[in-house]
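Trainee: Requesting a structural model of the entry that follows:
(one chain, ligands or ions: 1)
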Amino acid sequence: MNHSINLHSFSDKDSLITDLTLKIAALLNAGIKKNGRAGLAVSGGSTPVQLFKSLSNSDIPWHTVDITLVDERWVPPDNQDSNEHLVRSHLLQNRAATASFTGMWNTAATAQDGEALCAERLQNTHHPIDVLILGLGNDGHTASLFPGAARLPQATDMNSGKICMAITPVTAPHERMTLTLPAILNAKQIFLHITGQNKKDVLEQALGDGPSEEMPIRFILQQQTQKTNFNVYWAN
Ligand SMILES: O=C(O)[C@H](O)[C@@H](O)[C@H](O)[C@H](O)COP(=O)(O)O
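Mentor: Below is the predicted model:
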């Protein structure tokens, strides 16, 4: 590995979830104490379901937390592929039911058409985001920063001034909306949450040399600004 990272390894998923839940709760509680509100941005996919369930029971004044998405597939919230659907089903439950949620999807026909409204809504949530959770795809994507996507250069341009951007993956279904790289790196704390040997292998490959465009998680691993705390949580 050519780049050093803070890697927290766990022998099983349950111990990871217990530890990460406490860590996230402490950071959100600290943010609330200092600023009156806190921001939490979450990814979709299958990995975070157990974490969402655990977080939903955490002792946090959830009514002072703004929950947003890191990315979204451009499908309505009643679609099983919707990340908003996932968050509503597993995170906005129990104690966390009182949190304020701002999704990315809107009724525009395409993500590109819905970009301005999505950005406007996100601007009205708590910033900077206190805790942002990323996942990792087998192709090295994170958020919806997909290798080979035509708009990847714009979505990773640190000077775009944009908070979110529509993007069409070539390696996965659905047009997406993603937080841009500068918006992701503006978070105070980023956790990369991954499970299984396969994802660890992908991470190790990404930590080696090669173009970030080929494995966009490298844009995060090799962040130039160094102002964001970045930790990897991995369990087998
Ligand atoms: O909506 C999405 O697809 C995601 O936010 C995406 O970036 C995800 O985190 C990875 O694809 C990992 O997904 P899994 O957890 O399902 O492996």
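
Trainee: mind checking how far stretch 160-176 is from the chain centre?
Mentor: 14 Å (Cα atoms, centre = their mean, to the nearest Å).

Trainee: again with stretch 106-124
Mentor: Distance, centroid of stretch 106-124 to centroid of chain: 18 Å (Cα atoms, centre = their mean).

Trainee: Just confirm L122 contacts I163, I think it does.
Mentor: Yes. L122 lies in contact with I163 (Cβ atoms under 8 Å); the separation is 5.2 Å. (Each C-beta comes from the backbone N, C-alpha and C, glycine too.)

Trainee: Could you list the low-pLDDT ranges of this structure?
Mentor: Applying pLDDT under 70 to the chain picks out residues 1-3, 224-226.

Trainee: how about 80 then?
Mentor: Where the chain drops to pLDDT under 80, the residues are 1-4, 224-227.

Trainee: Next, count neighbours for the residue lying closest to R88 once chain neighbours are set aside.
Mentor: Nearest residue to R88 in three dimensions, chain neighbours excluded: P77, at 6.8 Å (Cβ to Cβ, 6 or more residues apart in numbering). For P77, the count of nearby residues is 14 (other Cβ atoms under 10 Å).

Trainee: Tell me how many other residues crowd the residue in the chain that the ligand sits nearest to.
Mentor: Here the chain gets closest to the ligand at one residue, G135, 2.2 Å apart by Cβ to the nearest ligand atom. Other residues near G135 come to 22 when the count uses other Cβ under 10 Å.

Trainee: What of Q123?
Mentor: Neighbours around Q123, by other Cβ under 10 Å: 11.

Trainee: just to revisit the earlier point, let me see the contact set for the residue of the chain closest to the ligand.
Mentor: S43, G44, G45, T47, P48, T142, L192, H193, I194 (Cβ atoms under 8 Å, 6 or more residues apart in numbering).

Trainee: what residues are up against the nearest residue to E214 once chain neighbours are set aside?
Mentor: Spatial nearest neighbour of E214, chain neighbours left out: P147 (5.4 Å); criterion: Cβ to Cβ, 6+ apart. Residues in contact with P147 (Cβ under 8 Å, 6+ apart) are D139, G140, H141, T171, E213, E214, M215, P216.

Trainee: circling back: I'd like the distance between the residue of the chain closest to the ligand and L203.
Mentor: Distance of G135 to L203, given as Cβ to Cβ, to the nearest Å: 11 Å.

Trainee: which residues do those two both contact?
Mentor: With Cβ under 8 Å, 6+ apart, G135 and L203 have common neighbours L192, I194.

Trainee: joint contacts of L122 and I163?
Mentor: Joint contacts of L122 and I163 (Cβ under 8 Å, 6+ apart) are L179, A183.

Trainee: ok, back up a step: checking the residue nearest to E214 next. Helix, strand or coil?
Mentor: coil (DSSP: H, G, I helix; E, B strand; the rest coil).

Trainee: Double-check G196 against N236; I have them as touching.
Mentor: Yes. With contact defined as Cβ under 8 Å, G196 reaches N236; the gap is 6.7 Å.

Trainee: The ligand contacts on the chain?
Mentor: 43-47, 70-71, 83, 135-137, 141-143 (Cβ under 6 Å from any ligand atom).
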